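**Q** mind looking at a prediction? Sequence and model below.
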Amino acid sequence: MLVLLYLASAFLYATKKDWVRSVLVELSYPAPYLLPFMIVVKIAGPVAILSRVSVALSDLAYAGIFYHLLLSGMAHFGVGKPKGAMPAAVALVLLAASFATQNAARDIPSPYAPAFAAPLSTLIGRTS
């Protein structure tokens, strides 16, 4: 879901450039410089997560998306439009779910993601 949201956002940024520029200007961002960069980042982050070329690159993509969403939400609050932060809040929930469950779908686990598959005795420090 997170990847679909980011790719849909990249598509929106690429096809509705004038509208996106006006929103970025409203948030006091330099739209002409930021828009092309954001299109690339909104595609590269999900590709890094899905392809898992490198565990470190995938974890870096998760971190980048986290900061992007956090700053996006804060920008909307900063200009007095808290409803505009709602997509970022939803995406943060999707990001947390994706990050927390990534090791279940990967051969090489991320050292930073929680190990939910560990037995309970391992989690509490006891052995049977």
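**A** That came through fine.

**Q** what is the helix or strand hosting residue 47 packed up against?
**A** Of the helices and strands defined by DSSP states H and E, residue 47 is found in helix 31-51. Contact here means 3 or more CB pairs under 8 Å, 6 or more residues apart in numbering; DSSP states H and E; on that basis helix 31-51 packs against helix 2-15, helix 17-26, helix 55-78. (Each C-beta comes from the backbone N, C-alpha and C, glycine too.)

**Q** nearest to residue 101, out of those?
**A** Nearest of the helices and strands packed on helix 31-51 to residue 101, taken as CB to CB: helix 2-15 at 11.0 Å.

**Q** list the buried residues for the closest one?
**A** By 16 or more other CB atoms under 10 Å, the buried positions in helix 2-15 come out as 2, 5, 6, 7, 9, 10, 13.

**Q** run the chain-centre distance for that helix.
**A** With CA atoms, centre = their mean, to the nearest Å as the basis, helix 2-15 stands 12 Å off its chain's centre.

**Q** other residues contacting that helix?
**A** For helix 2-15, the surrounding residues in contact (CB atoms under 8 Å, 6 or more residues apart in numbering) are 20, 35, 38-39, 42-43, 45-46, 49-50, 65, 87, 90-91, 94-95, 97-98.
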